[in-house]
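Participant: okay, sequence plus prediction incoming.
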Amino acid sequence: LSSLGIKDINLIYLAGYKKLSSKKEAVGASLCYFSLGDIPAYDDSGIPMGYIISPQEYSFDMSYSRYLADNFVMGMTGRFIYSNLTGGTQDNYHAGKAVAADISGTYFKNFKGAMPALLTLGFNFSNIGSKISYSEDNKDFIPANMKLGAGYSMQIDQYNKFGVYVDLNKLLVPTPPLYDDWNKNKIVAGKDDDVSVPQGIFQSFY
């Protein structure tokens, strides 16, 4: 974005890990920080409101992974999310806070032969956690996601490898329903999305 003359937007990502003594487990941590810089505030009619907002947000992760078998490894991550969209300039809005967790696993199997091959299967359930709120009235789902993947690669020769991979994603939040044009409290299609996080995950498959 610096080539567009935008100098005050920042995205910082720091990550690190350490293998433990057994060599079959590891711990890790990461920090992601995003700042949109200074933005002049306008009302719904496009009239300047005379003050500047500075949206910024970050997340902090702690992770642990371990081999549960020779060909299978699992990992878990805990996450704290802080999202301040108004920069504290509006009294009726506050910074959003949430906690979430990821759980993932990978299975892999090597095949020997004239062309050695590798089969991998994996899953990842991410951002499974609390809702986030920027005001006293509304609480929103954070983007929980389910990812399933598989891959098969073959070593053709010393320098070349050929692989086929598939990746499937499903958002684990309920779809907002459609309301009647005359009665905003009457649902005409879909289901009420004002539900708990576990119910919202199951309802996302409806």
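Facilitator: Sure thing, it's come through. Residues are numbered from 1 along each chain as shown.

Participant: run a quick neighbour tally on residue 94.
Facilitator: The number of residues packed near residue 94 is 15, by other Cβ atoms under 10 Å. Backbone N, C-alpha and C define where each C-beta goes, glycine included.

Participant: without its sequence neighbours, what residue ends up closest to it?
Facilitator: Nearest residue to residue 94 in three dimensions, chain neighbours excluded: residue 134, at 6.5 Å (Cβ to Cβ, 6 or more residues apart in numbering).

Participant: got the phi/psi numbers for the one you found?
Facilitator: phi -110, psi 0 (degrees, to the nearest 10).

Participant: residue contacts, it?
Facilitator: With contact set as Cβ atoms under 8 Å, 6 or more residues apart in numbering, residue 134 has these partners: 83, 85, 86, 93, 94, 95, 96, 140.

Participant: do that again at 10 Å, thanks
Facilitator: By Cβ atoms under 10 Å, 6 or more residues apart in numbering, the contact set of residue 134 is 83, 84, 85, 86, 90, 92, 93, 94, 95, 96, 97, 140.

Participant: and the residues you listed, which of them are buried?
Facilitator: In terms of neighbour count (16 or more other Cβ atoms under 10 Å), the buried residues within the contacts of residue 134 are 83, 84, 85, 86, 93, 95, 96.

Participant: CA atoms only: put the lengthiest strand in the chain into PDB for me.
Facilitator: Taking DSSP state E as the criterion, the chain has its longest strand at strand 96-111. Output in PDB follows, covering the C-alpha atoms of strand 96-111 (Å, rounded to 0.1, in the frame of the first residue of the first chain):
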ATOM      1  CA  GLY A  96     -14.300  -6.000  21.000                       C
ATOM      2  CA  LYS A  97     -12.700  -8.900  22.800                       C
ATOM      3  CA  ALA A  98     -12.900 -12.600  22.200                       C
ATOM      4  CA  VAL A  99     -11.200 -15.900  22.900                       C
ATOM      5  CA  ALA A 100     -11.000 -18.800  20.500                       C
ATOM      6  CA  ALA A 101      -9.200 -22.100  19.900                       C
ATOM      7  CA  ASP A 102      -8.000 -24.100  16.900                       C
ATOM      8  CA  ILE A 103      -7.600 -27.900  16.700                       C
ATOM      9  CA  SER A 104      -5.900 -29.600  13.800                       C
ATOM     10  CA  GLY A 105      -4.500 -32.900  12.700                       C
ATOM     11  CA  THR A 106      -2.400 -34.300   9.900                       C
ATOM     12  CA  TYR A 107      -1.900 -37.900   8.800                       C
ATOM     13  CA  PHE A 108       0.800 -38.800   6.300                       C
ATOM     14  CA  LYS A 109       2.100 -42.000   4.700                       C
ATOM     15  CA  ASN A 110       5.100 -42.600   2.500                       C
ATOM     16  CA  PHE A 111       5.000 -45.200  -0.300                       C
END
